[in-house]
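Participant: Structure of the sequence below:
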Amino acid sequence: MDGRISKDATAAALVAAALEGTLTDAQAEQLAAIDRDLIKLAFLAAAQRIAEQDTRIADQDTRIADQDTRIADQDTRIADQDTRIADQDTRIAKLLNGPRIDPVTPSGQRPVYTKPAASNRKRKPGAKPGHPPARRPTPQRIDEHKEHRLDVCPDCGGELRRCNRKRTRTVEDILDDLKAVVTEHSIHRDYCPACRKHVEPVVADALPKSAIGHRLVSLTAWLHYGLGVTIEQVREILGYHLQTRLSAGGMVAMWRRVAGIFEPWYEQIAREALKSAVLHADETGWRVNGITYWLWCFANPDVCYYLIDRSRGSPALEKFFIEAFDGVLVTDFWAAHNAVTTGERQLCLVHLLRELEKVDLTNGSAEWRAFAKKLRRLVRDGIRLRKRPDFSPEKYASRIGRIDRRLMALAGEAYTDADASRLAKRLLKYCDSLFTFLDHPAVPFENNLAERMIRPAVVLRKNSQSNRSEKGAAVQAVLMSVYRTLKLRGHDPLKVIPEALRAYLTTGKLPTLPDSVVADG
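Facilitator: All right, here's what the predicted structure looks like:
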């Protein structure tokens with residue numbers, strides 16, 4: 001009986017080993033020797049075990065596949081996030097460092113935040129030691145006299161002994177109660193038997209159907225277009241200081257009427273500019289109803305003509321240069337000026353020197369430094385020669401010739417540095433337009449006049465954000481040209497404009513633009 005139990009236990013252990021997958025060869029032979037049915041039972045148990053294992057493995061494979069799918073989705077999302085983070089980093093870098101600006105990029109196309117802050121003054125402001133003092137001149141007219149005398153000593157309160165000593169001091173001020181003058185015009189209408197109609201005299205103090213006089217219209221237009229004061233600020237000046245209330249729409253409507261009347265002066269300024277021996281040209285960005293336009297300036301010491309146009313290229317220049325220009329055109333290196341047919345040209349050398357300074361900040365190669373040093377020396381030698389007190393093209397013809405040969409030698413060399421090669425090509429292209437000022441003493445080596453003439457427009461652009469319509473841009477160009485030209489010619493616009501409007505209303509014809517005032521002495 002015990003042997004049977006032991007045999008059954010051994011068979012059960014062998015079957016368990018088979019089910020667990022730990023059955024050895026010896027155990028398999030021992031199991032086969034015990035009973036044939038046990039082998040069959042072991043095989044069935046093993047098959048069941050294998051089937052269960054296969055099911056679990058299939059389930060695990062499914063779970064792994066699901067996990068792989070989720071991991072792939074996460075990888076895709078992570079890649080998308082990395083792309084967005086890279087884009088944000090790029091935008092942040094652009095905001096921090098600004099966009100890439102080439103040295104030749106015009107100032108009007110540079111974002112404000114990319115422009116460097118103004119550097120500290122290299123020299124102390126004010127007059128140099130030993131310079132004669134400058135004082136405000138004593139007024140030639142005294143309107144009121146006031147006497148000032150103490151009754152007692154301000155320190156001790158004692159009695160004063162009168163003396164004949166005194167001093168005078170002049171003080172200029174405005175009246176306490178400034179206000180506009182309101183005039184009621186009684187206009188009589190009489191009957192003309194010959195014409196068979198009633199007639200009445202012309203009121204020359206204001207435009208027809210206008211309640212605003214010429215001086216007030218001229219003052220508001222001068223404040224806005226001449227000085228760059230905003231419309232709301234003009235209204236505040238009139239309301240607080242002149243005790244006059246004007247609406248913004250009313251002022252704009254009057255300015256449009258005045259601009260239409262002075263259109264002949266605007267055209268006359270253009271004609272005189274085209275006939276000048278030396279003409280400066282420059283342009284700056286402008287906005288008309290939120291769209292980018294360009295304000296062009298053409299000026300000489302006697303006239304200043306403004307043009308606001310959608311184009312920054314030759315189409316705008318063709319509107320002004322309706323024929324070939326016989327004088328010397330002074331400009332910067334903007335390529336659109338090449339479309340102008342002109343006698344000679346002078347390019348601004350100050351712009352060239354500034355570009356060398358900008359490239360120095362990003363390019364430190366030996367070839368560039370050598371090129372920039374030679375070009376600076378060449379330009380400064382030409383400027384120093386022109387500033388000599390005894391300079392004349394005839395007297396210094398040989399030195400001018402040497403400067404021209406140095407320019408051609410510098411521009412004709414081959415350079416591996418990109419900036420040096422680029423500027424060398426420019427020098428070769430404009431070799432006849434860099435030192436024109438040495439052949440014509442009346443021609444400057446810089447375009448400072450045009451930049452100074454365009455500066456008031458830049459101030460107005462910052463204050464008023466340019467114009468809201470093309471009609472407003474046209475009024476802007478006309479009135480700015482008229483006011484700036486009158487200033488260049490030494491006239492007071494607040495006197496000339498009202499007088500011209502009175503003459504226009506009286507005669508029906510606008511007088512010619514006044515000539516320059518010749519200073520006495």
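Participant: ranges for the strands of the stretch 201-350 of the chain?
Facilitator: With DSSP state E, counting those that start in this stretch, the ranges of strands along the stretch 201-350 of the chain come out as 278-288, 291-299, 304-309, 325-331, 342-347.
Participant: can you tell me which of these comes nearest to Ala86?
Facilitator: Using C-beta to C-beta as the measure, strand 291-299 is the one of these that comes nearest Ala86, at 30.7 Å. To be clear about C-beta, it is placed using only N, CA and C from the backbone, and glycine gets the same treatment.
Participant: Sheet-wise, list the partners of the closest one with their directions.
Facilitator: Here strand 291-299 has these sheet partners by DSSP bridges: strand 278-288 (antiparallel), strand 304-309 (antiparallel).
Participant: Tell me the buried residues in that strand?
Facilitator: By 16 or more other C-beta atoms under 10 Å, the buried positions in strand 291-299 come out as 293-299.
Participant: Now find how far off-centre stretch 196-204 is within its chain.
Facilitator: 52 Å (C-alpha atoms, centre = their mean, to the nearest Å).
Participant: Show residues contacting that stretch.
Facilitator: 185, 187-192, 501-502, 505-506 (C-beta atoms under 8 Å, 6 or more residues apart in numbering).
Participant: change it to 6 Å
Facilitator: Residues from elsewhere that reach stretch 196-204, judged by C-beta atoms under 6 Å, 6 or more residues apart in numbering: 185, 187, 189, 191-192, 502, 505-506.
Participant: Among these, which are located in strands?
Facilitator: Judged by DSSP state E, strands contain the following of the contacts of stretch 196-204: 191-192.
Participant: Between all of the contacts of stretch 196-204, which two are separated the most?
Facilitator: Tyr191 and Arg502 (26.8 Å).
Participant: out of the two, which sits in the busier spot?
Facilitator: Arg502 (17 against 9; other C-beta atoms under 10 Å).
Participant: how far away is the more buried one from Ala253?
Facilitator: Using C-beta to C-beta, to the nearest Å, one gets 20 Å for the distance from Arg502 to Ala253.
Participant: Could you do Asp360 as well?
Facilitator: 53 Å.
Participant: Show the pLDDT at Leu352.
Facilitator: According to the prediction, Leu352 has pLDDT 94.
Participant: Flag the shaky bits of the stretch 101-250 of the chain, pLDDT-wise.
Facilitator: Scanning the stretch 101-250 of the chain with the threshold set as pLDDT under 70 gives 101-122.
Participant: can you give me the helices in it?
Facilitator: In the stretch 101-250 of the chain, the helices defined using DSSP state H, counting those that start in this stretch lie at 214-221, 231-241, 248-261.
Participant: The stretch 351-500 of the chain too?
Facilitator: Taking DSSP H, counting those that start in this stretch to define them, one finds helices in the stretch 351-500 of the chain at 366-386, 397-412, 418-429, 448-464, 470-488, 493-507.
Participant: now the first one, how far from the centre of its chain.
Facilitator: Centroid separation for helix 366-386 versus its chain: 29 Å, with C-alpha atoms, centre = their mean.
Participant: ok, back up a step: so which of the strands of the stretch 201-350 of the chain gets nearest Asp87?
Facilitator: Nearest to Asp87, of those and by C-beta to C-beta, is strand 291-299 at 26.5 Å.
Participant: who touches the closest one?
Facilitator: Against strand 291-299 from outside (C-beta under 6 Å, 6+ apart): 273, 279-284, 286, 305-310, 312, 316, 449-450, 453-454, 457.
Participant: just to revisit the earlier point, what's the closest of the strands paired with strand 291-299 to Phe321?
Facilitator: strand 278-288 (9.5 Å).
Participant: Show me what counts as buried in the closest one.
Facilitator: For strand 278-288, using 16+ other C-beta under 10 Å, the buried residues are 278-286, 288.
Participant: can you check stretch 247-258 too?
Facilitator: Neighbour counts over stretch 247-258 (16+ other C-beta under 10 Å) mark 251-252, 254-258 as buried.
Participant: and which of the residues you listed is nearest to Val496?
Facilitator: The closest of the buried residues of stretch 247-258, once distances to Val496 are taken by C-beta to C-beta, is Val258, at 12.6 Å.
Participant: need the helices of the stretch 101-250 of the chain in a markdown table with distance to Ala12, can you?
Facilitator: Below are the helices of the stretch 101-250 of the chain laid out as a markdown table (distance: least, C-beta to C-beta, whole Å):
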| stretch | distance to Ala12 |
| --- | --- |
| helix 214-221 | 117 |
| helix 231-241 | 106 |
| helix 248-261 | 109 |
